[in-house]
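Undergrad: Need a 3D model of the following:
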Amino acid sequence: MSDRPSWNSRKLRYWSECGGQSRRTGLRTSHPAPGASPTQAQLESLVLEQLGTSPDLCAHPFGIASLSSTVTSLTLHLDAYMGHTRYSLPEHCLSRLLPAAPAPGSGDDPHGIPGLRMSGIEADGRELHLHTVKDPGQTATLVLALPEGLTEGWADIERRHRRWCDDNGLWPLWAAPQLDGVESRYFSTYPSLEGSRARRAAVGSGLLRRIALFHTVTTFYRVQCRDDGDSWKIDARTAHTRARGHDQLLQRLRHPRWGLPVRVAHRFCRCAEPDTPHQWDHTCAFYFDGHTTSNDDPIYLRVHASPEWHDYDRQIATLHQVGAPAGWMARTFPERQVSIAALTRYKPGHQSGLIYQPRRDDGNRDRRKTLSWHNYHLLIVTPQHLDGPIPLSRENLNHHKAARLKEFAETRDWLTTYYLPPYTPDLKPAEGI
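TA: Numbers count the residues shown, from 1 in each chain. Next up is the predicted model:
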């Protein structure tokens with residue numbers, strides 16, 4: 001029996017995860033993430049370099065909601081806003097991508113991507129078409145598509161960006177028919193940089209064409225990417241105390257048929273070890289290298305897990321403002337934490353037991369999110385029915401030594417408190433419950 005339907009289903013799923021497209025739209029190419037031509041790959045790697053370093057939160061990685069690609073073109077469907085101020089993401093893209101010459105005599109390099117030009121605005125003002133003029137006869141194409149519901153079109157956004165350039169002493173170059181003198185000098189001044197970028201272009205383009213994987217198969221709420229001259233450095237952050245989702249991402253990136261030509265050379269991760277204690281700001285690191293030729297570009301991926309008890313209210317509010325999908329938000333941010341204070345109870349001739357006080361974070365930013373001295377006070381009051389004096393052994397937490405608890409203990413002749421030495425979990429029976 002042929003497994004052709006199952007194979008096509010897997011290919012459609014990979015395409016959907018890489019591009020953020022709905023499976024109902026259907027795969028229209030033979031490869032779910034086709035490789036780009038050399039000129040197209042160089043353009044796409046520069047786009048990744050320019051858009052990947054934004055510090056603001058976006059609803060999708062780098063503000064790219066979905067994409068579609070061929071060998072000689074790439075279409076990016078953008079989000080509408082970014083950051084807690086709801087700054088226009090399409091305008092941010094123009095400021096990072098479109099080239100502009102600095103003021104004469106400043107000695108600065110051109111802004112944006114040198115050699116990138118605006119071809120035109122199509123689809124009723126919803127699509128901005130760009131191409132390169134650096135190498136005559138070898139054109140690369142980039143299309144930026146506005147999201148549905150955005151009232152203004154590319155003509156208004158481009159006009160506003162042009163005014164911004166004028167106000168800041170920059171000369172727009174994106175309408176020039178050929179390379180400007182500033183751009184030509186830039187390419188001739190940094191030939192080694194251009195050669196290094198060309199060598200890393202294939203992997204940079206492959207990452208950009210699979211950028212939705214960082215949204216569809218992981219729980220990363222922030223992803224940043226930069227080209228440091230030797231490799232592509234990717235920093236991802238998750239709100240979970242364990243770096244969930246990175247194994248699924250590694251599997252997709254290294255897919256034997258449709259993935260990048262890379263392998264994980266070094267892995268520094270202890271998430272899968274069940275007895276590993278949680279570390280503050282736990283980080284998993286993965287070093288990639290190529291497995292086909294010596295020219296394959298390396299990737300360095302770091303996944304930063306959440307510090308315990310970290311508050312993500314601001315990030316959640318920002319992502320809601322910029323339109324992050326509700327289903328993805330529920331998967332990315334864990335539920336409100338539940339804290340428990342507990343005592344184990346022992347008395348000769350009586351059954352031992354556990355006394356506990358749970359406290360759930362209600363999401364109110366003006367209220368305390370963790371246990372307070374009052375919760376521990378209730379624990380001490382509860383076992384009074386045991387009769388007789390009560391010796392209480394405690395660890396050296398600040399809550400255990402709160403002034404009100406000390407005052408309470410000093411005024412109760414039936415209660416004597418002993419504090420355990422530091423770092424002695426084996427002396428605390430409640431620790432293993």
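Undergrad: Every contact and neighbour count from this point should use C-alpha atoms.
TA: OK.
Undergrad: Does anything pack onto the strand or helix carrying residue 250? Which helices or strands?
TA: Residue 250 is part of helix 246-253, with elements assigned from DSSP states H and E. Contacts defined by 3 or more C-alpha pairs under 8 Å, 6 or more residues apart in numbering; DSSP states H and E place helix 246-253 against helix 213-216.
Undergrad: what's the average pLDDT for the helix it packs on?
TA: Mean pLDDT, helix 213-216: 92.
Undergrad: got a list of contacts for it?
TA: Residues outside helix 213-216 that contact it (C-alpha atoms under 8 Å, 6 or more residues apart in numbering) are 17-20, 60-61, 220, 223, 249, 252, 328.
Undergrad: for stretch 143-158, same thing?
TA: The contact list for stretch 143-158, computed with C-alpha under 8 Å, 6+ apart, reads 73-80, 90-91, 94, 121, 125-130.
Undergrad: ok, now stretch 70-90?
TA: If you take C-alpha under 8 Å, 6+ apart as the criterion, stretch 70-90 is touched by 29, 34-37, 40, 56-60, 63-69, 140-147, 150, 157, 317-319, 321-323.
Undergrad: Likewise for stretch 232-242?
TA: Stretch 232-242 is contacted from outside by 204, 219-227, 244, 271, 278, 282, 297-308, 312, 332-334, using C-alpha under 8 Å, 6+ apart.
Undergrad: out of the residues you listed, which are inside strands?
TA: Among the contacts of stretch 232-242, the members found in strands (DSSP state E) are 220-227, 299-304.
Undergrad: Let me have these in JSON lines, extended by pLDDT and neighbour count.
TA: JSON lines is the format used below for those (pLDDT from 0 to 100; neighbours: other C-alpha atoms under 10 Å):
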{"residue": "220", "pLDDT": "91", "neighbour count": "28"}
{"residue": "221", "pLDDT": "92", "neighbour count": "24"}
{"residue": "222", "pLDDT": "92", "neighbour count": "22"}
{"residue": "223", "pLDDT": "93", "neighbour count": "24"}
{"residue": "224", "pLDDT": "94", "neighbour count": "19"}
{"residue": "225", "pLDDT": "93", "neighbour count": "23"}
{"residue": "226", "pLDDT": "91", "neighbour count": "20"}
{"residue": "227", "pLDDT": "88", "neighbour count": "20"}
{"residue": "299", "pLDDT": "90", "neighbour count": "24"}
{"residue": "300", "pLDDT": "91", "neighbour count": "18"}
{"residue": "301", "pLDDT": "91", "neighbour count": "20"}
{"residue": "302", "pLDDT": "90", "neighbour count": "21"}
{"residue": "303", "pLDDT": "89", "neighbour count": "23"}
{"residue": "304", "pLDDT": "86", "neighbour count": "22"}
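Undergrad: would you turn these into CSV with distance to residue 239?
TA: What follows is those, written out as CSV (distance: C-alpha to C-alpha, whole Å):
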residue, distance to residue 239
220, 7
221, 7
222, 10
223, 12
224, 15
225, 19
226, 22
227, 25
299, 23
300, 21
301, 17
302, 14
303, 11
304, 9
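Undergrad: quick check, nearest of those to residue 404?
TA: Closest approach to residue 404 among the ones in strands among the contacts of stretch 232-242 (C-alpha to C-alpha): residue 304, at 38.1 Å.
Undergrad: CA-only coordinates of stretch 95-107 in PDB, if you can.
TA: Written as PDB, here are the backbone C-alpha positions of stretch 95-107 (Å, rounded to 0.1, in the frame of the first residue of the first chain):
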ATOM      1  CA  SER A  95      13.100  52.400   8.100                       C
ATOM      2  CA  ARG A  96      15.200  49.200   8.300                       C
ATOM      3  CA  LEU A  97      15.100  48.100   4.700                       C
ATOM      4  CA  LEU A  98      14.900  51.100   2.300                       C
ATOM      5  CA  PRO A  99      18.300  52.600   1.600                       C
ATOM      6  CA  ALA A 100      19.000  56.300   2.400                       C
ATOM      7  CA  ALA A 101      22.300  58.300   2.000                       C
ATOM      8  CA  PRO A 102      23.600  60.100   5.100                       C
ATOM      9  CA  ALA A 103      24.400  63.800   5.100                       C
ATOM     10  CA  PRO A 104      27.500  64.700   2.900                       C
ATOM     11  CA  GLY A 105      30.700  64.600   4.800                       C
ATOM     12  CA  SER A 106      29.300  62.600   7.800                       C
ATOM     13  CA  GLY A 107      31.300  59.500   6.900                       C
END
